[in-house]
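1. sequence first, predicted model second:
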Amino acid sequence: MKNLEIINAARSREEWIKMVELSEGMKGAVLSADILVVPSMMSKQPIAFMSGTTELFAYLQSQVGDRVEICIDEDNYVEMELNSRKIRLGKIVLKDIALPLFLSILGGYLANQCNRPAVPDAVIEVQEFQKPVEVEFSITVEDSTGRRKEFKYNGPVADYKEVSNEILKLWNEK
Amino acid sequence: MKNKASKILKHILDKDFDFNTVIMEVDELRLAYRKKGEEENANIAWATKSLLCIHEDFRSAYSLLQDKKFYEAWCLMEKIEIAIGFLLRNCPGSWNAVKYISLMVGQLQSLYPYKVFMSTEILIKERTCSICGKKRMIRQHCGHFPGCVYNGEMCCDIVQAATLEGVSFVFDPEHKYAVAFLSDENGRTDQYNYMLLEEVIKFWKDPFMPWHYTTKHIHKSPDEFPDLTDEAACPCGSGKKYGECCKNDPEGVKHVVYTFGLGLVNVE
(Lines give C-alpha, C1' and ligand atoms only; values in the text may rest on other atoms or scores of the structure.)
Protein backbone atom coordinates (compact mmCIF):
# COMPACT_ATOMS: atom_id res chain seq x y z
CA MET A 1 0.00 0.00 0.00
CA LYS A 2 1.17 3.51 -0.89
CA ASN A 3 2.89 5.40 1.96
CA LEU A 4 3.03 2.28 4.18
CA GLU A 5 6.42 0.70 4.77
CA ILE A 6 6.96 -2.65 6.53
CA ILE A 7 10.24 -3.46 8.25
CA ASN A 8 10.74 -6.97 9.56
CA ALA A 9 13.48 -6.12 12.04
CA ALA A 10 12.73 -3.67 14.82
CA ARG A 11 14.24 -2.78 18.19
CA SER A 12 13.21 -4.84 21.20
CA ARG A 13 11.98 -3.26 24.43
CA GLU A 14 15.27 -4.20 26.10
CA GLU A 15 17.16 -2.28 23.42
CA TRP A 16 14.95 0.80 23.91
CA ILE A 17 15.46 0.62 27.69
CA LYS A 18 19.22 0.49 27.19
CA MET A 19 19.25 3.36 24.70
CA VAL A 20 17.34 5.74 26.96
CA GLU A 21 19.21 4.56 30.08
CA LEU A 22 15.93 3.98 31.87
CA SER A 23 16.01 3.86 35.68
CA GLU A 24 15.56 0.48 37.39
CA GLY A 25 12.23 1.49 38.91
CA MET A 26 10.60 2.04 35.51
CA LYS A 27 11.84 -1.08 33.73
CA GLY A 28 9.09 -3.45 34.92
CA ALA A 29 6.25 -1.18 33.76
CA VAL A 30 7.92 -0.55 30.39
CA LEU A 31 8.50 -4.24 29.74
CA SER A 32 4.95 -5.27 30.62
CA ALA A 33 2.91 -2.43 29.03
CA ASP A 34 0.61 -3.47 26.18
CA ILE A 35 1.20 -0.10 24.49
CA LEU A 36 4.61 1.56 24.81
CA VAL A 37 5.51 5.00 23.49
CA VAL A 38 9.22 5.16 22.58
CA PRO A 39 11.42 8.12 21.54
CA SER A 40 11.39 9.31 17.95
CA MET A 41 14.66 11.19 17.79
CA MET A 42 17.54 8.84 18.47
CA SER A 43 20.17 9.89 15.97
CA LYS A 44 21.08 13.09 17.77
CA GLN A 45 21.08 14.08 21.39
CA PRO A 46 19.06 14.66 23.41
CA ILE A 47 16.65 11.80 22.93
CA ALA A 48 13.30 13.44 22.19
CA PHE A 49 9.65 12.68 21.59
CA MET A 50 7.51 14.32 18.94
CA SER A 51 5.65 17.49 19.85
CA GLY A 52 2.16 16.50 21.05
CA THR A 53 3.26 13.23 22.71
CA THR A 54 2.05 14.53 26.12
CA GLU A 55 -1.47 14.91 24.71
CA LEU A 56 -1.35 11.58 22.84
CA PHE A 57 -0.12 9.79 25.97
CA ALA A 58 -2.84 11.38 28.13
CA TYR A 59 -5.44 10.35 25.53
CA LEU A 60 -4.16 6.76 25.52
CA GLN A 61 -4.19 6.73 29.33
CA SER A 62 -7.80 7.90 29.30
CA GLN A 63 -8.70 5.01 27.02
CA VAL A 64 -6.66 2.09 28.38
CA GLY A 65 -5.39 3.22 31.81
CA ASP A 66 -2.09 1.71 32.92
CA ARG A 67 -1.86 -0.59 29.90
CA VAL A 68 0.10 2.27 28.28
CA GLU A 69 3.58 3.37 29.32
CA ILE A 70 6.34 5.58 27.97
CA CYS A 71 9.99 4.59 27.71
CA ILE A 72 11.65 7.53 29.46
CA ASP A 73 12.24 8.83 32.97
CA GLU A 74 10.13 11.86 33.81
CA ASP A 75 13.15 14.17 34.20
CA ASN A 76 14.55 13.25 30.78
CA TYR A 77 11.33 13.86 28.84
CA VAL A 78 11.67 16.52 26.11
CA GLU A 79 9.70 17.19 22.92
CA MET A 80 10.88 18.21 19.48
CA GLU A 81 8.68 20.61 17.52
CA LEU A 82 9.38 20.14 13.84
CA ASN A 83 8.93 22.23 10.74
CA SER A 84 6.12 21.43 8.42
CA ARG A 85 2.47 21.06 9.25
CA LYS A 86 1.88 17.39 9.90
CA ILE A 87 0.54 15.26 12.75
CA ARG A 88 3.57 13.39 14.02
CA LEU A 89 2.60 10.59 16.40
CA GLY A 90 6.11 9.22 16.84
CA LYS A 91 6.91 5.58 17.57
CA ILE A 92 4.76 3.07 19.42
CA VAL A 93 5.59 -0.51 20.40
CA LEU A 94 2.60 -2.82 20.86
CA LYS A 95 1.85 -6.31 22.05
CA ASP A 96 -0.08 -8.05 19.28
CA ILE A 97 -3.17 -8.55 21.46
CA ALA A 98 -3.47 -4.76 21.78
CA LEU A 99 -3.16 -4.05 18.05
CA PRO A 100 -6.88 -3.94 17.04
CA LEU A 101 -7.83 -1.83 20.07
CA PHE A 102 -4.89 0.53 19.59
CA LEU A 103 -5.65 1.09 15.90
CA SER A 104 -9.24 1.92 16.79
CA ILE A 105 -8.20 4.34 19.57
CA LEU A 106 -5.71 6.02 17.24
CA GLY A 107 -8.48 6.51 14.67
CA GLY A 108 -10.51 8.36 17.31
CA TYR A 109 -7.53 10.48 18.29
CA LEU A 110 -6.87 11.49 14.67
CA ALA A 111 -10.53 12.36 14.15
CA ASN A 112 -10.29 14.76 17.10
CA GLN A 113 -7.15 16.33 15.69
CA CYS A 114 -8.69 16.99 12.26
CA ASN A 115 -12.18 18.18 13.13
CA ARG A 116 -11.85 21.16 10.88
CA PRO A 117 -13.90 20.93 7.67
CA ALA A 118 -11.62 20.95 4.67
CA VAL A 119 -11.96 23.55 1.95
CA PRO A 120 -13.34 21.60 -1.01
CA ASP A 121 -10.91 20.96 -3.85
CA ALA A 122 -13.50 22.10 -6.40
CA VAL A 123 -13.34 25.67 -5.10
CA ILE A 124 -9.63 26.28 -5.06
CA GLU A 125 -6.41 25.63 -6.88
CA VAL A 126 -4.71 23.45 -4.28
CA GLN A 127 -1.46 24.91 -3.02
CA GLU A 128 1.05 22.73 -1.20
CA PHE A 129 0.05 24.34 2.12
CA GLN A 130 -3.64 23.59 1.49
CA LYS A 131 -3.31 19.89 0.81
CA PRO A 132 -5.12 17.47 3.14
CA VAL A 133 -3.54 17.04 6.59
CA GLU A 134 -0.98 14.26 6.76
CA VAL A 135 0.04 11.98 9.61
CA GLU A 136 3.29 10.17 10.28
CA PHE A 137 3.72 7.27 12.71
CA SER A 138 5.61 4.05 13.33
CA ILE A 139 4.01 1.05 15.02
CA THR A 140 6.10 -1.94 16.04
CA VAL A 141 4.02 -5.04 16.79
CA GLU A 142 5.51 -7.91 18.77
CA ASP A 143 4.24 -11.28 19.93
CA SER A 144 5.23 -13.70 22.70
CA THR A 145 7.48 -15.68 20.32
CA GLY A 146 9.70 -12.66 19.70
CA ARG A 147 8.36 -11.91 16.21
CA ARG A 148 8.43 -8.17 15.50
CA LYS A 149 7.29 -6.04 12.58
CA GLU A 150 7.45 -2.29 12.19
CA PHE A 151 4.79 -0.45 10.18
CA LYS A 152 5.68 3.07 9.11
CA TYR A 153 3.02 5.32 7.64
CA ASN A 154 3.48 8.79 6.21
CA GLY A 155 0.48 10.04 4.27
CA PRO A 156 -3.00 11.57 4.36
CA VAL A 157 -5.04 11.23 7.55
CA ALA A 158 -8.02 10.50 5.30
CA ASP A 159 -6.47 7.12 4.37
CA TYR A 160 -6.05 6.04 8.00
CA LYS A 161 -8.93 3.52 8.00
CA GLU A 162 -7.53 1.76 4.96
CA VAL A 163 -4.03 1.83 6.48
CA SER A 164 -5.17 0.38 9.80
CA ASN A 165 -6.99 -2.47 7.98
CA GLU A 166 -3.85 -3.13 5.97
CA ILE A 167 -1.66 -3.21 9.10
CA LEU A 168 -3.99 -5.74 10.74
CA LYS A 169 -4.01 -7.87 7.59
CA LEU A 170 -0.23 -7.79 7.18
CA TRP A 171 0.41 -8.63 10.83
CA ASN A 172 -1.98 -11.57 10.71
CA GLU A 173 -0.20 -13.00 7.63
CA LYS A 174 2.11 -15.28 9.58
CA MET B 1 -25.71 33.80 27.86
CA LYS B 2 -27.11 31.80 24.94
CA ASN B 3 -29.92 34.33 24.38
CA LYS B 4 -27.57 37.29 24.79
CA ALA B 5 -25.19 35.75 22.25
CA SER B 6 -27.98 35.19 19.74
CA LYS B 7 -29.11 38.82 20.10
CA ILE B 8 -25.57 40.15 19.59
CA LEU B 9 -24.73 37.93 16.66
CA LYS B 10 -27.96 38.79 14.86
CA HIS B 11 -26.43 42.18 13.99
CA ILE B 12 -22.91 41.02 13.15
CA LEU B 13 -23.34 41.69 9.42
CA ASP B 14 -24.66 45.23 9.94
CA LYS B 15 -22.41 47.78 8.25
CA ASP B 16 -22.17 49.99 11.36
CA PHE B 17 -21.65 47.13 13.83
CA ASP B 18 -19.35 48.41 16.59
CA PHE B 19 -17.00 45.48 17.05
CA ASN B 20 -14.71 47.10 19.64
CA THR B 21 -17.53 47.97 22.05
CA VAL B 22 -19.39 44.69 21.65
CA ILE B 23 -16.22 42.59 22.02
CA MET B 24 -15.41 44.46 25.23
CA GLU B 25 -18.94 43.89 26.57
CA VAL B 26 -18.85 40.18 25.76
CA ASP B 27 -15.45 39.85 27.37
CA GLU B 28 -16.72 41.49 30.53
CA LEU B 29 -19.55 38.95 30.59
CA ARG B 30 -17.04 36.13 30.07
CA LEU B 31 -14.93 37.32 33.00
CA ALA B 32 -17.98 37.69 35.22
CA TYR B 33 -19.16 34.15 34.43
CA ARG B 34 -15.62 32.87 35.04
CA LYS B 35 -15.59 34.53 38.45
CA LYS B 36 -18.93 32.97 39.35
CA GLY B 37 -17.76 29.59 38.08
CA GLU B 38 -20.61 29.37 35.56
CA GLU B 39 -18.55 27.32 33.12
CA GLU B 40 -21.20 26.78 30.42
CA ASN B 41 -22.00 30.50 30.19
CA ALA B 42 -18.31 31.43 30.33
CA ASN B 43 -17.62 29.05 27.44
CA ILE B 44 -20.49 30.46 25.37
CA ALA B 45 -19.12 33.96 26.01
CA TRP B 46 -15.66 32.76 24.89
CA ALA B 47 -17.14 31.35 21.66
CA THR B 48 -19.16 34.54 21.05
CA LYS B 49 -16.08 36.70 21.51
CA SER B 50 -14.08 34.40 19.24
CA LEU B 51 -16.74 34.62 16.53
CA LEU B 52 -16.84 38.42 16.81
CA CYS B 53 -13.05 38.65 16.53
CA ILE B 54 -13.08 36.38 13.45
CA HIS B 55 -15.62 38.65 11.74
CA GLU B 56 -13.73 41.80 12.72
CA ASP B 57 -10.43 40.36 11.49
CA PHE B 58 -12.02 39.27 8.23
CA ARG B 59 -13.25 42.82 7.59
CA SER B 60 -9.77 44.14 8.45
CA ALA B 61 -8.13 41.63 6.11
CA TYR B 62 -10.49 42.79 3.35
CA SER B 63 -9.43 46.41 3.97
CA LEU B 64 -5.75 45.47 3.91
CA LEU B 65 -6.26 43.73 0.56
CA GLN B 66 -8.02 46.81 -0.81
CA ASP B 67 -4.99 48.85 0.34
CA LYS B 68 -2.72 46.30 -1.39
CA LYS B 69 -1.06 45.39 1.91
CA PHE B 70 -0.93 41.78 0.82
CA TYR B 71 1.49 40.30 3.35
CA GLU B 72 -0.30 41.99 6.28
CA ALA B 73 -3.61 40.58 4.99
CA TRP B 74 -1.96 37.15 4.65
CA CYS B 75 -0.88 37.21 8.33
CA LEU B 76 -4.34 38.27 9.45
CA MET B 77 -5.93 35.50 7.42
CA GLU B 78 -3.64 32.98 9.11
CA LYS B 79 -4.88 34.34 12.46
CA ILE B 80 -8.49 33.88 11.26
CA GLU B 81 -7.75 30.33 10.09
CA ILE B 82 -6.28 29.42 13.49
CA ALA B 83 -9.17 31.08 15.37
CA ILE B 84 -11.72 29.16 13.28
CA GLY B 85 -9.86 25.93 14.07
CA PHE B 86 -10.08 26.57 17.81
CA LEU B 87 -13.70 27.70 17.60
CA LEU B 88 -14.74 24.55 15.75
CA ARG B 89 -12.76 22.34 18.11
CA ASN B 90 -14.68 23.74 21.08
CA CYS B 91 -18.02 24.48 19.36
CA PRO B 92 -18.36 22.13 16.37
CA GLY B 93 -21.88 23.48 15.80
CA SER B 94 -20.57 26.90 14.84
CA TRP B 95 -19.46 25.86 11.35
CA ASN B 96 -22.33 27.65 9.64
CA ALA B 97 -21.37 30.91 11.38
CA VAL B 98 -17.83 30.81 9.95
CA LYS B 99 -18.31 28.76 6.78
CA TYR B 100 -18.33 31.76 4.43
CA ILE B 101 -15.24 33.33 6.00
CA SER B 102 -13.42 29.99 6.03
CA LEU B 103 -14.11 29.47 2.32
CA MET B 104 -13.14 33.03 1.41
CA VAL B 105 -9.89 32.82 3.40
CA GLY B 106 -9.07 29.49 1.72
CA GLN B 107 -9.72 30.94 -1.74
CA LEU B 108 -7.70 34.08 -1.06
CA GLN B 109 -4.76 32.10 0.36
CA SER B 110 -4.78 29.90 -2.74
CA LEU B 111 -4.32 32.99 -4.94
CA TYR B 112 -1.19 34.15 -3.11
CA PRO B 113 2.15 33.61 -4.85
CA TYR B 114 3.84 32.32 -1.67
CA LYS B 115 5.31 28.84 -2.04
CA VAL B 116 8.34 28.66 0.26
CA PHE B 117 8.35 29.31 4.01
CA MET B 118 10.84 29.28 6.86
CA SER B 119 10.20 26.97 9.75
CA THR B 120 11.88 26.23 13.05
CA GLU B 121 12.93 23.10 14.91
CA ILE B 122 12.53 23.72 18.62
CA LEU B 123 13.43 21.40 21.47
CA ILE B 124 10.92 22.02 24.23
CA LYS B 125 12.34 21.15 27.62
CA GLU B 126 9.75 22.48 30.03
CA ARG B 127 6.16 23.63 29.69
CA THR B 128 3.45 24.69 32.10
CA CYS B 129 -0.31 24.68 31.70
CA SER B 130 -1.89 28.15 31.29
CA ILE B 131 -5.03 27.05 33.15
CA CYS B 132 -3.64 25.55 36.36
CA GLY B 133 -0.01 26.63 36.16
CA LYS B 134 1.25 23.10 36.75
CA LYS B 135 4.33 21.78 35.00
CA ARG B 136 3.41 19.44 32.14
CA MET B 137 4.27 15.94 33.35
CA ILE B 138 4.17 13.05 30.95
CA ARG B 139 2.69 10.53 33.41
CA GLN B 140 0.60 12.88 35.55
CA HIS B 141 -1.30 15.03 33.08
CA CYS B 142 -3.13 17.94 34.70
CA GLY B 143 -6.22 17.23 32.62
CA HIS B 144 -6.16 20.47 30.61
CA PHE B 145 -5.44 20.10 26.90
CA PRO B 146 -3.99 22.89 24.73
CA GLY B 147 -6.64 24.33 22.43
CA CYS B 148 -9.55 23.32 24.69
CA VAL B 149 -11.62 25.90 26.58
CA TYR B 150 -12.10 25.59 30.35
CA ASN B 151 -14.39 28.01 32.19
CA GLY B 152 -14.19 30.56 29.38
CA GLU B 153 -10.40 30.40 28.97
CA MET B 154 -8.47 28.54 26.29
CA CYS B 155 -5.70 26.27 27.51
CA CYS B 156 -2.22 26.96 26.13
CA ASP B 157 1.20 25.60 26.79
CA ILE B 158 3.58 28.13 28.30
CA VAL B 159 7.08 27.16 27.25
CA GLN B 160 9.51 27.74 30.12
CA ALA B 161 12.68 26.30 28.60
CA ALA B 162 13.50 25.59 24.96
CA THR B 163 16.36 25.66 22.48
CA LEU B 164 16.30 26.47 18.80
CA GLU B 165 17.82 23.48 17.00
CA GLY B 166 17.50 24.61 13.40
CA VAL B 167 15.63 26.45 10.68
CA SER B 168 14.40 24.88 7.44
CA PHE B 169 12.71 25.79 4.20
CA VAL B 170 9.31 24.09 3.87
CA PHE B 171 6.34 24.13 1.48
CA ASP B 172 3.66 23.25 4.04
CA PRO B 173 4.55 25.33 7.08
CA GLU B 174 3.27 25.19 10.63
CA HIS B 175 3.39 29.00 10.65
CA LYS B 176 2.20 30.60 7.42
CA TYR B 177 3.44 34.06 8.39
CA ALA B 178 7.03 32.83 7.91
CA VAL B 179 7.07 33.65 4.19
CA ALA B 180 10.51 33.57 2.58
CA PHE B 181 11.29 37.13 1.43
CA LEU B 182 14.43 38.38 -0.23
CA SER B 183 16.37 41.24 1.29
CA ASP B 184 18.76 43.91 0.09
CA GLU B 185 20.78 46.69 1.77
CA ASN B 186 17.51 48.44 2.68
CA GLY B 187 16.04 45.42 4.45
CA ARG B 188 13.25 43.10 3.37
CA THR B 189 12.00 43.36 -0.19
CA ASP B 190 8.74 41.92 -1.43
CA GLN B 191 9.65 40.09 -4.62
CA TYR B 192 6.21 38.53 -5.13
CA ASN B 193 3.71 39.19 -7.91
CA TYR B 194 0.18 39.64 -6.51
CA MET B 195 -1.48 39.84 -9.93
CA LEU B 196 -4.32 37.42 -9.09
CA LEU B 197 -5.25 39.22 -5.88
CA GLU B 198 -5.13 42.55 -7.67
CA GLU B 199 -7.71 41.19 -10.11
CA VAL B 200 -9.92 40.05 -7.22
CA ILE B 201 -9.96 43.39 -5.44
CA LYS B 202 -11.07 45.11 -8.64
CA PHE B 203 -14.48 43.41 -8.52
CA TRP B 204 -14.80 42.46 -4.81
CA LYS B 205 -16.75 45.46 -3.53
CA ASP B 206 -17.87 44.15 -0.14
CA PRO B 207 -16.27 41.58 2.19
CA PHE B 208 -19.56 39.67 2.31
CA MET B 209 -20.07 39.61 -1.43
CA PRO B 210 -19.31 35.99 -2.33
CA TRP B 211 -17.20 35.03 -5.32
CA HIS B 212 -15.42 31.96 -6.59
CA TYR B 213 -13.01 30.98 -9.29
CA THR B 214 -12.19 28.03 -11.48
CA THR B 215 -9.02 27.19 -13.36
CA LYS B 216 -8.17 25.38 -16.55
CA HIS B 217 -4.91 24.56 -18.27
CA ILE B 218 -4.05 25.66 -21.78
CA HIS B 219 -0.80 25.54 -23.78
CA LYS B 220 0.84 28.43 -25.59
CA SER B 221 3.28 28.26 -28.46
CA PRO B 222 6.94 28.89 -27.50
CA ASP B 223 6.89 31.54 -30.29
CA GLU B 224 4.94 33.75 -27.91
CA PHE B 225 8.02 33.94 -25.66
CA PRO B 226 10.78 35.03 -28.06
CA ASP B 227 13.16 36.15 -25.28
CA LEU B 228 12.92 32.95 -23.26
CA THR B 229 16.22 31.18 -22.61
CA ASP B 230 16.77 27.66 -21.28
CA GLU B 231 18.09 29.10 -18.01
CA ALA B 232 15.10 31.42 -17.42
CA ALA B 233 12.31 30.50 -15.02
CA CYS B 234 9.62 28.59 -16.87
CA PRO B 235 6.55 30.80 -17.50
CA CYS B 236 4.27 27.95 -16.33
CA GLY B 237 5.22 28.79 -12.74
CA SER B 238 6.62 25.36 -11.87
CA GLY B 239 9.75 26.93 -10.38
CA LYS B 240 11.94 24.92 -12.78
CA LYS B 241 14.14 26.30 -15.54
CA TYR B 242 12.44 26.57 -18.93
CA GLY B 243 15.00 24.22 -20.47
CA GLU B 244 14.11 21.53 -17.92
CA CYS B 245 10.37 22.08 -18.03
CA CYS B 246 7.93 23.17 -20.78
CA LYS B 247 10.61 23.39 -23.50
CA ASN B 248 10.37 19.63 -23.79
CA ASP B 249 6.56 19.58 -23.83
CA PRO B 250 5.34 19.02 -27.42
CA GLU B 251 2.06 20.80 -26.58
CA GLY B 252 3.91 24.00 -25.69
CA VAL B 253 4.21 26.17 -22.59
CA LYS B 254 1.61 25.33 -19.95
CA HIS B 255 -0.61 28.19 -18.78
CA VAL B 256 -3.30 28.41 -16.13
CA VAL B 257 -6.42 30.41 -16.98
CA TYR B 258 -8.38 31.74 -13.99
CA THR B 259 -12.08 32.53 -14.39
CA PHE B 260 -13.74 34.52 -11.61
CA GLY B 261 -17.48 34.60 -10.95
CA LEU B 262 -19.91 35.95 -8.38
CA GLY B 263 -21.58 33.67 -5.83
CA LEU B 264 -20.21 30.67 -4.02
CA VAL B 265 -19.74 27.21 -5.44
CA ASN B 266 -22.19 25.17 -3.40
CA VAL B 267 -20.38 23.09 -0.78
CA GLU B 268 -21.41 21.14 2.30
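-> Received it, and whenever you're ready, just let me know what you need. Residues are numbered from 1 along each chain as shown, chains lettered A, B, ... in the order given.
2. for the longest helix belonging to chain A, the distance to its chain's centre please.
-> The single longest helix within chain A, with elements called by DSSP state H, is helix A:99-113. Once both centres are worked out by Cα atoms, centre = their mean, to the nearest Å, helix A:99-113 turns out to sit 10 Å from its chain's centre.
3. contacts for that helix next, please.
-> Around helix A:99-113, the neighbours that count as contacts under Cβ atoms under 8 Å, 6 or more residues apart in numbering or on different chains are A:35, A:56, A:59-60, A:63-64, A:87, A:89, A:92, A:94, A:133, A:135, A:137, A:139, A:141, A:157, A:160-161, A:164, A:167-168, A:171. (Each C-beta comes from the backbone N, C-alpha and C, glycine too.)
4. please indicate which of those residues are buried?
-> Buried by 16 or more other Cβ atoms under 10 Å in any protein chain shown: A:35, A:56, A:59-60, A:63-64, A:87, A:89, A:92, A:94, A:133, A:135, A:137, A:139, A:141, A:157, A:160, A:164, A:167, A:171, out of those.
5. so A:D143 makes contact with A:A98?
-> No - applying Cβ atoms under 8 Å as the test, A:D143 and A:A98 come out as separate, 11.0 Å apart.
6. okay, those two: which has more neighbours?
-> Using other Cβ atoms under 10 Å in any protein chain shown as the criterion, A:D143 and A:A98 rank with A:A98 on top: 19 against 14.
7. leaving out the residues flanking it, which one is nearest to the more buried one?
-> Closest residue in space to A:A98, ignoring its immediate chain neighbours: A:D34 at 4.0 Å, by Cβ to Cβ, 6 or more residues apart in numbering or on different chains.
8. ok, now how distant is that neighbour from B:M104?
-> 47 Å (Cβ to Cβ, to the nearest Å).
9. the more surrounded of the two?
-> B:M104 (25 against 18).
10. so that one sits against B:F58, correct?
-> Yes - if you go by Cβ under 8 Å, B:M104 and B:F58 touch, sitting 7.4 Å apart.
11. okay, and the common contacts of the two?
-> The contact sets of B:M104 and B:F58 overlap at B:P207 (Cβ under 8 Å, 6+ apart).
12. for the spatially most central residue of chain B, give me its contacts.
-> For chain B, the residue nearest the mean C-alpha position is B:E78 (2.4 Å; Cα atoms, centre = their mean). By Cβ under 8 Å, 6+ apart, the contact list for B:E78 reads B:175-177.
13. check which element follows the helix or strand harbouring it along the chain.
-> Assigned by DSSP states H and E, B:E78 falls within helix B:70-90. Next in sequence after helix B:70-90, counting helices and strands by DSSP H and E, comes helix B:95-110.
14. give me the distance between the helix or strand following that following helix and the centre of its chain.
-> Next along the chain after helix B:95-110, taking DSSP H and E as the criterion, comes strand B:117-129. Centroid separation between strand B:117-129 and its chain, computed with Cα atoms, centre = their mean, is 21 Å.
15. buried set for the longest helix of chain A?
-> A:99, A:102-103, A:105-106, A:109-110, A:113.
16. and for stretch B:75-86?
-> B:75-81, B:83-84, B:86.
17. pick the one among these closest to chain A.
-> The nearest member of the buried residues of stretch B:75-86 to chain A, counting by Cβ to the nearest Cβ, is B:I84 at 7.3 Å.
18. got the end-to-end distance for stretch A:7-27?
-> 26 Å (Cα to Cα, to the nearest Å).
19. and that stretch, which residues are buried?
-> By 16+ other Cβ under 10 Å, the buried positions in stretch A:7-27 come out as A:10-11, A:13, A:16-17, A:20, A:22, A:26.
20. go on, stretch B:189-203?
-> So for stretch B:189-203, counting by 16+ other Cβ under 10 Å, buried means B:192, B:194, B:196-197, B:200-201.
21. stretch A:143-153 now?
-> Of the residues in stretch A:143-153, A:148-151, A:153 count as buried by neighbour count, 16+ other Cβ under 10 Å.
22. try stretch B:107-121
-> For stretch B:107-121, by 16+ other Cβ under 10 Å, it's B:107-112, B:114, B:117-120.
23. those residues: which ones sit near chain A?
-> B:107, B:109-112, B:117, B:119-120 (Cβ under 8 Å from any Cβ of the partner chain).
24. make a markdown table from those and add distance to A:E74 to it.
-> Listed next are these as a markdown table, based on distance: Cβ to Cβ, whole Å:
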| residue | distance to A:E74 |
| --- | --- |
| B:Q107 | 47 |
| B:Q109 | 41 |
| B:S110 | 45 |
| B:L111 | 48 |
| B:Y112 | 44 |
| B:F117 | 35 |
| B:S119 | 29 |
| B:T120 | 26 |
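25. strands of chain A, start to end?
-> Counting by DSSP state E, chain A has strands at residues A:4-7, A:35-38, A:49-50, A:68-70, A:79-81, A:87-95, A:134-142, A:148-156.
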